[in-house]
Each structure stands twice: as structure tokens, then as C-alpha cells.
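A.B. asks: When you get a sec, could you give me coordinates for this:
(chains A and B)
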Amino acid sequence: MSDTVNYKQITVDGLWSNNVVFAQMLALCPLLAVTGTATNGLGMGLASTVVMVASGLVVSLLRGLITPHVRIPSFVLIIACLVTLVDMAMNAWVHDLYKVLGLFIPLIVTNCAILGRAESFAFRQAPFAAAYDGLMMGLGFTFALTLLGAVREILGSGTLFANAPLLLGDAFAFMELVLIPDYKGFLLLILPPGGFLMLGFILAVKRLIDNKVTKKREAKEETAVSVEEALA
Amino acid sequence: MSDDVKENEDVKKEETEDTKAEAPKISFREKIPYQAILLGGFALAASTLLATGNESTQAAIAERLREDLLSSLEEVVPQKTHSNDLLEDIITLPRADGTEATIYRGQKNGQVTALAYGMVGQGYAGAISVIMGVDATGEILGVRVLSHAETPGLGDKIEVAKNNWITKFTGLSFDNLVPEKWKVKKDGGHFDQFSGATITPRAVVSAVTKGLNFYKDNKEKLLEVKK
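C.D. replies: Here you go, the predicted structure:
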């Protein structure tokens, strides 16, 4: 662990190369449960992001107090407490959204990605870096949820971002799209097995992209090496 | 993951080496009482936080739940049928299966004009709870599904947001549709089923029928106005 924090690395890790879903394969339980539509995915992702930032911050602030022996129960306590607070606050002040997402908020506690980040990052980093890592991991998670939700929603029911105004307010009504009018629906994709199947396809695409990028980089390095050899 | 564990061990090792250099005794941090106090302190702090949070959101949440209840009541009991606040006139009566039903009563000119109460049917994937409004003559004012766990895309057509099927109950009673006809068409009754889902509409029809029987059995008590 170096003292200087590489924010660019944290950003890339959180959003892509160490993405909670696409690379770490964590948090599949909330993932499959809520990604029937893109809007639900987005809402769940944003709620999880809030908890991840807060838990990163709190764990990092308290890391001087917590000993390695009792760190896991301490983390669980902190995360459960934060999630319950978010749950109550949403129920009281954004009730319409709560009616859509309410069932899934307690599920955030079961999101092992949050515990994983507390354990492997926040516990040994400065508060700001930990909060930033939480933000990036959360945004990466949101990206994964929204992408999977969007694909399942388009193929499963022919719409995109249905009920978005419920989540974001009436100003975002333009996001509600009916892409395939009179679509009969494809039930498999709306049900959890469809989530598994689609996740598999998305992972395959991610691997393909990663492979291409590495090949390009290797090719560049090779040419660089041969140029150096030629000069020598 | 294994890397993390290794790192953790490294951290631990460093710590013990540090303490060895400073003092030969084990530091307080490594002792059991510290861990106990730490966890206890965290539990205390968490419960204080949650209690404060609960205290400050309780009133707002209760208000939201009241609004929710009122808006679902208004869906099954139109505003024009009554002049009082439905949440002010509440009675409870036992249902046929022994459970307690809460009845919200609408009154106009000292007479009970509308009743709203919940009924439960057994669907394909668990209980389907409906709320229904009935006027003083036993005619249905409206039915809505409050909660269900039916298959999305098949059974969820009982939600008014997805399909107008549930609105077809409005205006019906045992007087204009004989009790034998309160079934889905597949069973020789009056109501449409959905393609691919018969159990769900059957459950809703049976819940509504139970509701009308409940009205028939308790008519006098339901319409009695206490002075």
C-alpha cells in the first residue's frame, strides 16, 4: 500500500477493470432480483452507491479503532446501520420511489461487494480515498445494473426506462421509450434465469473487448521494443 | 481474495512487531476486553443512531402510509358516494375463515353508503390481497389488487396499471349476476381468464365472491349506524 493514492487507477478499477459485477462477480443476488427494467437497476445502483460511499468513509474513519480480530462484525454492523437509515429516510421523504424500490433496499445489506470494499480497501486507506473508491465502485455497479436492466427490458418487454419519472421526477419523462410497439414480451428474460443468461452474454462481450485491448497494447509494445533494438 | 488475506496477515505481523519493540507485554488493543468494548460501543452507537433516525422519520412515514391507504380506498370507493373521512369510521368484523376484517365505512346524511374492506385469495405464487368497495345494496363500487406475487407478464394483468380486467367487477352484484356465475369462463362462469394464467384470475374472482358473501352475512352489522 503506497501513501500516494492513484485516483485514476481507482476510477478505472471501479468502473471497468475491477467492476463489482463484471470482474469481481459479486452482488449477484440484488443484481438478478432488480434488473427486470433499466429504471429499477438505476435506482438500486444509486441507493447502493450512497451506502458504499458512506460505509467507505465510516470504515476508513474508524480504522484506527477497529482491530483485525473484530473487523468483520464491526463492518457488518456499520453497513446494516447505514442501510436501515437509508431505508427509513427514503420511506419518509421519497415515498413514491420507496414504493418501487422499497423491497430491495434491505437487500443492500446482503450486497457482499460493500463488505468486500470495506475489507480490502477502506480499512487501510484515508477517508477521502475510501469514499472516492466507494463512489467509483458504486457507479460501476450502477452501470452494470442499468446495462443489464436495459437489455432485459428491451428484449423482455420492448420498452426502455419504463416508470423513469417515478425514480427521477417528471422532468425525465422523455426517457420512457417504447422501442417495440405491440411487443408480446419475452417472459424468460424478465424472470431471474433470463438475468443469468444475459449476464453471461454481457460478460463474454466484456472479455472480448478486454482481449482486444490487451492485444493492441502488446502490439504497440512490440513495435516499441523493435524500434529500440533497431536504434541500439 | 487470497491476496487480501495475505495482506491482512502482513498488517497483523507488522503490528505485533511494533508492539514488541515498544513494550514486551501485549498491548491493550490485542486483549479480549478491548474487542468486547469496541463491539459493544459500536452496537450502542448504531442503536442510538437508529433510534434517532426512527424518531425523526416516524411521523412522516405514518403520514405517507395514511395517504397510501386513503388513495387506495378512494380507488374502490368513489368520493361522491360519501361525505365523511373513510379513515374516521372504522369497524372490525370476523371473516368467514375467522380472520378479522377492517371495514372502512363511508356515510352520507347519517346513512352508511359505502363499505371498503380487504379480502385474500390464494394465487399461483402466494396470497393475493384485494381491497373492494361495496355500496349499501351490495353492488361492487370497485376492486383493486393491493399486493401479489404472481408471475410478471402473465399473472400481473390483475394490476390496474397493466390491464383493465379488474375494473370489470364494477357494477356487479349477486342481484345482477347469480352466485353460480362468479367463476372464470373456463370453469363455466362469467369472467375472462388470461391466456397462460387461469389460477390468478380464479383466485381474484373467488376473493371477490368471498367479499360479497361477507357483505351478505354481515349486512345488518355493516350498515348499522351507532348514535
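A.B. asks: List the contacts of A:Trp78.
C.D. replies: Check again: residue A:78 is Ile, not Trp. A:55, A:58-59, A:62, A:118, B:42, B:46 (CB atoms under 8 Å, 6 or more residues apart in numbering or on different chains). C-beta here means a position set from N, CA and C on the backbone, and glycine is covered the same way.
A.B. asks: For A:Val51, list the residues it contacts.
C.D. replies: By CB under 8 Å, 6+ apart, the residues touching A:Val51 are A:79, A:82-83, A:86, A:108, A:111, A:114, A:138.
A.B. asks: near chain B, which of those residues show up?
C.D. replies: Among these, no residue is within reach of chain B (CB under 8 Å from any CB of the partner chain).
A.B. asks: Show only the entries of those residues found in helices.
C.D. replies: Among these, the ones falling in helices (DSSP state H) are A:79, A:82-83, A:86, A:114, A:138.
A.B. asks: Quick one: those residues as JSON lines, columns for pLDDT and neighbour count too.
C.D. replies: Shown next, in JSON lines, are the ones in helices among the contacts of A:Val51 (pLDDT from 0 to 100; neighbours: other CB atoms under 10 Å in any protein chain shown):
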{"residue": "A:Ile79", "pLDDT": "91", "neighbour count": "23"}
{"residue": "A:Leu82", "pLDDT": "91", "neighbour count": "23"}
{"residue": "A:Val83", "pLDDT": "91", "neighbour count": "24"}
{"residue": "A:Val86", "pLDDT": "87", "neighbour count": "19"}
{"residue": "A:Ile114", "pLDDT": "88", "neighbour count": "32"}
{"residue": "A:Gly138", "pLDDT": "93", "neighbour count": "25"}
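A.B. asks: need those residues in TSV with distance to B:Asn213, can you?
C.D. replies: As requested, those are exported to TSV (distance: CB to CB, whole Å):
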residue	distance to B:Asn213
A:Ile79	49
A:Leu82	49
A:Val83	44
A:Val86	44
A:Ile114	50
A:Gly138	52
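A.B. asks: What helix or strand is B:Ser83 located in?
C.D. replies: Per DSSP states H and E: B:Ser83 is located in neither a helix nor a strand.
A.B. asks: Verify the contact between it and B:Gln107 for me.
C.D. replies: Yes - under the criterion of CB atoms under 8 Å, B:Ser83 makes contact with B:Gln107 at 7.0 Å.
A.B. asks: Who has more neighbours out of the two?
C.D. replies: More neighbours surround B:Gln107 than the other of B:Ser83 and B:Gln107, with 18 against 11 (other CB atoms under 10 Å in any protein chain shown).
A.B. asks: Show the pLDDT at the one residue sitting closest to the centre of chain A.
C.D. replies: In chain A, the C-alpha nearest the mean C-alpha coordinate belongs to A:Phe141, at 0.6 Å (CA atoms, centre = their mean). Reported pLDDT at A:Phe141 in the predicted model: 93.
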